[in-house]
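J.: need coordinates for the below:
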Amino acid sequence: MKISRVPVVGAVAAGTVLLAAGPCFAHVSVQPGEAEKGGYSTIAFKVPNERDNASTTKLEVNLPTDHPLASVMPQPVPGWDVKVTKSKLDKPLEMHGEKITEAVSKVTWTAKSDGKIKPGQFQQFPLSVGQLPEDADQLVFKALQTYDNKEVVRWIEAPKEGGEEPENPAPVLKLTAPAEGEGGHSHGGSDDAKSGEQKAGDDHEGEHGSGASEAAAGDSSDTTARTLGIVGIVVGVAGVAFGVLAGRRRSA
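T.: This next block holds a predicted model:
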């Protein structure tokens, strides 16, 4: 009796593929992966726990120094403390007519006793950032992930265009051109929309006005008809009574 080896080989191959693909999905990443140039965005660093016998207790995210961000605000994460570190800028930034001489250079989240990322789990750490640069195609955030067994994984390798993904890739935020009508582009569509809304409002009022007039006319006609009907009934009753009285007089 021969035993087929095809299912066994297939299972081994599938397992190999999963093992090879596993690390690609386990690194620290930024979500969503892209944002518009020159604007503000809310991003989140997704941190999975890739260890079976340790929990993640700290995340350090270093912000790019070549394109500093004037506004960086973390959203509170239950079970975690957050620390924002600022640094002096070599070249001040201008934002809303004001000069910015320092910017956030690092954000550190540290787990409390009940906030660790346990094996088989992940956690997201949101940031509101801006104003995003207009002269760059991406922002690289170097991150350090610390486990409770003192192990530190450094996600700091910037990916190279056309090259293979690094072993420990840094989170990368792609920057895209603003959509039409935003970020200094033409706002004609907005004006047209406003004109359309105003016209629609005028038409809506006109419809209500004509409807109200028609309703008023209908009410007036109904009132007149009812009045005439009542008058007719009264006249009819009076005529009948007069006829009865006249008949009695003739009989007498």
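J.: what about residue 49, how many residues nearby?
T.: For residue 49, the count of nearby residues is 19 (other C-beta atoms under 10 Å). To be clear about C-beta, it is placed using only N, CA and C from the backbone, and glycine gets the same treatment.
J.: any idea how far the closest residue to it other than its chain neighbours is from residue 150?
T.: Spatially, and ignoring its direct neighbours in sequence, residue 49 is nearest to residue 117 (4.6 Å; C-beta to C-beta, 6 or more residues apart in numbering). Distance from residue 117 to residue 150, counting by C-beta to C-beta, to the nearest Å: 16 Å.
J.: got any ranges where the protein has weak pLDDT?
T.: 1-25, 181-252 (pLDDT under 70).
J.: which parts of it are strands?
T.: Counting by DSSP state E, the chain has strands at residues 29-31, 34-36, 41-48, 56-62, 71-74, 80-95, 98-111, 122-130, 138-140, 142-147, 152-155, 172-176.
J.: now tabulate the ones you listed in CSV and tack on mean neighbour count.
T.: Converted to CSV, those look like this (neighbours: other C-beta atoms under 10 Å):
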stretch, mean neighbour count
strand 29-31, 19
strand 34-36, 16
strand 41-48, 18
strand 56-62, 21
strand 71-74, 16
strand 80-95, 13
strand 98-111, 16
strand 122-130, 18
strand 138-140, 19
strand 142-147, 20
strand 152-155, 16
strand 172-176, 16
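J.: any chance of these in JSON lines, with distance to residue 164 too?
T.: Converted to JSON lines, the strands of the chain look like this (distance: least, C-beta to C-beta, whole Å):
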{"stretch": "strand 29-31", "distance to residue 164": "17"}
{"stretch": "strand 34-36", "distance to residue 164": "21"}
{"stretch": "strand 41-48", "distance to residue 164": "21"}
{"stretch": "strand 56-62", "distance to residue 164": "23"}
{"stretch": "strand 71-74", "distance to residue 164": "31"}
{"stretch": "strand 80-95", "distance to residue 164": "33"}
{"stretch": "strand 98-111", "distance to residue 164": "28"}
{"stretch": "strand 122-130", "distance to residue 164": "24"}
{"stretch": "strand 138-140", "distance to residue 164": "17"}
{"stretch": "strand 142-147", "distance to residue 164": "19"}
{"stretch": "strand 152-155", "distance to residue 164": "16"}
{"stretch": "strand 172-176", "distance to residue 164": "15"}
